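In: give me a 3D structure for the following:
(2 chains)
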Amino acid sequence: MSNTSTVGIKAFGAFIPRLRLDRAAIAKAHSWAFPSIRGKGEKAICSWDEDAITLGVEAARDCLGNHQDKIGKVTFCSTTAPFADLQNSGIIAAAMNLNQRTGCLDAGGSTRAGLNSLINDLVNTSEQDQLVIASDRRRAQPASPAEMRYGSGAAAMLVGQGDLIASFLGGEHLATPFMDHYRMSGQPYDYYGEERWIRDEGVVKLVPATIEALLERSGTETAAVAYFGLSGAPKGSDKIVAKKLGINPANLLPDFQENVGDTGTAHPLLQLSAAFERARPGDIIVVAAFGAGCDVAVFRKENGSRKPERGLAGTLKDRIPETSYLKMLSFDGELNIDWGPRAEVDTKASFPQQYRAADQILSFTGGKCDSCGAVQFPSTTNCVECGTPDTQKPFQLANDNAEIATYSADWLQYCPAPPLYVGLVQFTSGARVLMEIVDVGEQELDVGMPLRMVFRVKAKDNLRNYRRYFWKATPTND
Amino acid sequence: MASGIKDKVAIIGMGCSRFGERWDTDTDGLINEAFNEAMLDAGVERSQIGAAWLGSALDQVNIGNSAIPLATSLRLTGIPVTRVENMCATGTEALRGAAYGVASGAVDIAIAVGVEKLKDTGFGGLPVPTKGTLNDLWMPYSSAPAGFAQLASGYRKKYGVSKEDLKQAIGRVSWKSHQNGAKNHKAHLQKAIDLETIVGAPIVADPLGVFDCCGVSDGAACAIITTPEIARSLGKHDLVTIKALQLSASSGWESSTGGWDGSYVKNTRLAAKAAYKEAGINDPVSQLSMTEVHDCFSITELVTMEDLGLSEDGQAWRDVLEGKFDADGEVPCQVDGGLKCFGHPVGASGLRMVYENYLQLQGRAGERQLKNMSMGLSHNLGGVPYNSIAAISIVGILED
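Out: Just a heads-up that it's a prediction; the model follows:
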């Protein structure tokens, strides 16, 4: 492949859930059974209302910002997609308010799906840009090594031609039945082989050979590699692989173990984001994802100036420290708490109503009155301000600035993450909506506090194993 | 121009069941308890009832839809019986139906019954009803206290009242109701509680503690309505007539626009304005002998004092602390203990408030009897402050 390729990454975005659990809390909780467990740093955990779809939406929003990109295809890569049969990418596309003719594809089956799909879009370019979103809400068996290691997160990459942040120099794949880990369909936990065998017989033998093949094919000198990242492999594997290849160990991209954890499909794309945030034009970046084989891609940093809304550094910084291990267990469905009779409410949604109101609910689109200019949600026939009928033009509230008009912390109503913070949210556009306020942490809310919108699970229908989504407000912490 | 309802109908009988945890009976028993007292009071025959209105709000554990449960319970035959529901304003809606029915000339004697059996839900507080298929997709499922607690943040912000001062003032509201409820043998809660306990209670919805919230109760209330002429022909004197019946419901303005600051309830102000006009009241502080207001939460009562024009805007918290609304204050409020202590069987509450006004006007309120009664106001507030239904009834002695 030629170094003059004009295909590459035009924009990138990242999202790490705000809650960061101190790993020492995990170790402490298990010490009665496993006194030798140690936990360092913290891992990113999801609140009850975050899943791979919501994380993916936030990463995609970070990537696209307020740009009106024409996107031909969205690929959602995850090993933890909420729906087994209902296009997860379709929900994301609707939340992102993308054109209904956008192609939607779900990819999974391996934590390599993120990098694999990215390479696939870079190789199979189209006239329109393509959005690749890799996202995982990782779940692990209590007290397993994976529980310590895994974190949750998402990354998004806009693939196309033109003004590039990084040009694509080539990709390489290796398919081999090396069983480092697996999870059967419908099962909650991953099962791992012995770590030393995975590293010595798998990663160290399979990955360098694949990278060497790619570098040779793309005409890239190993010595020119400025950044190298490896994901999906046992801790320390990246150093061994780099050394074997002759890549300076100082050039390693972060493995995020200190502050996030292993985010599965998102991991190589998060490493790429880290590289884009620190590389200079001309720098060569190599990322590899391991897992029963591997995928490798090589990029060159370009001059493209487009920046994510907050980027990886921003989302890493936006953290709420958490020390309750039981809270994580509850959010992950590992703890069967008795929430009392108030939790017995049936939350069945009307599919016809959900379809009719899809733009209102999924992309948070209200209406702006043609007659008096009042922005309102939901958008109904008669304007709330002037009463004129049929004057509402779509107005999206998802990216509008907002602040608290009124609020309370509700300890009575059932909420999987009590208290339920609720209040009237005043948007800069003039709209006002009663909303849940999430990820509040230890801070005290007050009238006037700035908020931004986040896409979240609205309710889980446990009778029918369904979940639906809406937007919630969260303090900006900026 | 509508001439209004003033003095067109008289209340000739009222009854109210004991409110509370009525494990001993069901809705049929509650209805009959209130109805029997009202019939004894009115001294009319069942066959004289020409129409009936039933108010019940929550179907989750109750009597079910339609007016049939009332017709069945009282064995009413061949007369129009109507069920109404308007959340916490339901009892007043039943009264409105009966009053308008009589005032129109369609019927000579009508009854209004409000009933609710809430303790059978198996938990405290109200059940969570659906808000409609569209609203259920986006609206948070928050509790009633959390809805009303938002008045506190709006009020503090607008008037610069500190959290501590407002907490003391709303605590004083509940303290007063407990003082009054202790003198009411029909009340759900009949125990005086000290202010320190009230203010220090566990939080239900910030800043409302347990004692800032009324509970839910089982109960029923009943009113028997006729014209002043028929009342006199039945030998009644010192008639209690309806001076005003007004109601206002949200258009969505408060919760959908930036126009509302969260410090007041718009519909209470609109309903009060209309009711004062209908009743001929221009100075509520001097003209109203007492009020029974919708103190579902202590902050609601505090804000309602301003909405009804009984306190200057931003001053109710001071007036409350100074005892203006105590039983021996300038405008006594919740003399019977209010929703807070008498209880809140939703569909019955509006009628229970009128019941207290009615007893007081007739000088039959016993230990809690007030002096110099001429007019009493009842106020219901359904929904939440930003999406509400306010109903106001004013009753008084008919001047000859």
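In: show me the shaky parts of the chain.
Out: Unless you meant another one, I'm taking chain A. A:1-5, A:478 (pLDDT under 70).
In: wait, chain B was what I had in mind.
Out: In chain B (pLDDT under 70), the answer is B:60.
In: list the contacts of the most centrally placed residue in it.
Out: In chain B, the residue lying closest to the centroid (C-alpha atoms, centre = their mean) is B:G350, at 3.5 Å. Contact partners of B:G350, counting by C-beta atoms under 8 Å, 6 or more residues apart in numbering or on different chains, are B:55, B:88-95, B:114, B:378, B:380, B:391, B:393. Placement of C-beta: from N, CA and C, glycine included.
In: now, which of these sits nearest chain A?
Out: B:C88 (16.9 Å; C-beta to the nearest C-beta).
In: quickly list what the closest one is bridged to.
Out: B:N86 (DSSP bridges).
In: ok, it touching B:A348?
Out: No. Using C-beta atoms under 8 Å, B:C88 is not in contact with B:A348, being 10.4 Å away.
In: neighbour-wise, which of those two wins?
Out: Per other C-beta atoms under 10 Å in any protein chain shown, whichever of B:C88 and B:A348 has more neighbours is B:A348, with 34 against 25.
In: give me the phi and psi angles of that one.
Out: The phi/psi pair for B:A348 (degrees, to the nearest 10) reads phi -90, psi -20.
In: repeat that for the one 10 residues further on.
Out: In this entry, B:Y358 is assigned phi and psi values of phi -60, psi -50 (degrees, to the nearest 10).
In: so it touches B:I242, yeah?
Out: No. With contacts counted by C-beta under 8 Å, B:Y358 stays clear of B:I242, the gap being 10.5 Å.
In: and B:L370, how far is that from B:E301?
Out: 18 Å (C-beta to C-beta, to the nearest Å).
In: who's more crowded, the two?
Out: Set side by side, B:L370 and B:E301 show more neighbours around B:E301, with 30 against 16, by other C-beta under 10 Å.
In: what about B:G64, how many residues close to it?
Out: Based on other C-beta under 10 Å, the number of other residues close to B:G64 is 10.
In: any idea how far it lies from B:S256?
Out: Taking C-beta to C-beta, one finds B:G64 at 33 Å from B:S256.
In: what of A:Q360?
Out: 13 Å.
In: same thing with A:V286?
Out: From A:V286 to B:S256 the distance is 53 Å (C-beta to C-beta).
In: now do B:I230
Out: For B:I230 relative to B:S256 (C-beta to C-beta), the value is 46 Å.
In: neighbour count winner among those two?
Out: B:S256 (28 against 18).
In: which ones are touching that one?
Out: Here B:S256 is in contact with A:376-377, A:384, A:431-433 (C-beta under 8 Å, 6+ apart).
In: could you redo the last one with a cut-off of 10 Å?
Out: A:366, A:374-378, A:380, A:383-385, A:424, A:430-434, B:250, B:386-387 (C-beta atoms under 10 Å, 6 or more residues apart in numbering or on different chains).
In: restricted to strands, list these.
Out: A:366, A:375-376, A:424, A:432-434, B:387 (DSSP state E).
In: ok, which pair from the residues you listed is furthest apart?
Out: A:V375 and B:N387 (18.4 Å; C-beta to C-beta).
In: who has more neighbours, those two?
Out: Neighbours were counted for A:V375 and for B:N387 using other C-beta under 10 Å; A:V375 has more, 25 against 22.
In: in contact with the more buried one, which residues?
Out: A:366-369, A:384-385, A:392-393, A:395, A:397, A:400, A:427-432, B:256-258.
In: which of the residues you listed count as buried?
Out: Taking 16 or more other C-beta atoms under 10 Å in any protein chain shown as the criterion, what is buried in the contacts of A:V375 is A:366-369, A:384-385, A:392, A:395, A:397, A:400, A:427, A:429-432, B:256-258.
In: ok, A:Q161 - how many residues close by?
Out: Neighbours of A:Q161 (other C-beta under 10 Å): 15.
In: ok, B:L54 next?
Out: 29.
In: quick one, what contacts it?
Out: Taking C-beta under 10 Å, 6+ apart, one finds B:31, B:63, B:66-71, B:73-74, B:81-85, B:90, B:93-94, B:97, B:111-115, B:347 in contact with B:L54.
In: now it, what's its secondary structure?
Out: strand (DSSP: H, G, I helix; E, B strand; the rest coil).
In: which residue, other than its chain neighbours, is closest to it?
Out: B:L70 (3.9 Å; C-beta to C-beta, 6 or more residues apart in numbering or on different chains).
In: measure that neighbour to chain A for me?
Out: Distance, B:L70 to chain A, using C-beta to the nearest C-beta, to the nearest Å: 28 Å.
In: is it true that that residue touches B:A52?
Out: Yes. Taking contacts as C-beta atoms under 10 Å, B:L70 lies within contact range of B:A52: 6.0 Å.
In: need the contacts of B:G350 in TSV with secondary structure, can you?
Out: Output for those, formatted as TSV (three-state DSSP):
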residue	secondary structure
B:G55	strand
B:C88	strand
B:A89	coil
B:T90	helix
B:G91	helix
B:T92	helix
B:E93	helix
B:A94	helix
B:L95	helix
B:G114	strand
B:S378	strand
B:N380	strand
B:A391	strand
B:S393	strand
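In: most surrounded residue in the residues you listed?
Out: B:G91 leads the contacts of B:G350 on contacts (other C-beta under 10 Å) with 36 neighbours.
In: show me the helices in the stretch 251-400 of chain B, by range?
Out: Ranges of helices within the stretch 251-400 of chain B are B:253-256, B:266-279, B:284-287, B:298-307, B:316-321, B:338-341, B:346-361, based on DSSP state H, counting those that start in this stretch.
In: okay, those, which one's buried deepest?
Out: The highest average neighbour count among those, using mean count of other C-beta atoms under 10 Å in any protein chain shown, belongs to helix B:338-341 at a mean of 32.
In: is chain A within reach of that helix?
Out: No. Helix B:338-341 stays clear of chain A (C-beta under 10 Å from any C-beta of the partner chain), getting no nearer than 16.3 Å.
In: put together JSON lines for the ones in strands among the contacts of B:S256, with distance to B:A201 on each row.
Out: What follows is those, written out as JSON lines (distance: C-beta to C-beta, whole Å):
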{"residue": "A:G366", "distance to B:A201": "39"}
{"residue": "A:V375", "distance to B:A201": "40"}
{"residue": "A:Q376", "distance to B:A201": "38"}
{"residue": "A:L424", "distance to B:A201": "26"}
{"residue": "A:R432", "distance to B:A201": "31"}
{"residue": "A:V433", "distance to B:A201": "31"}
{"residue": "A:L434", "distance to B:A201": "26"}
{"residue": "B:N387", "distance to B:A201": "27"}
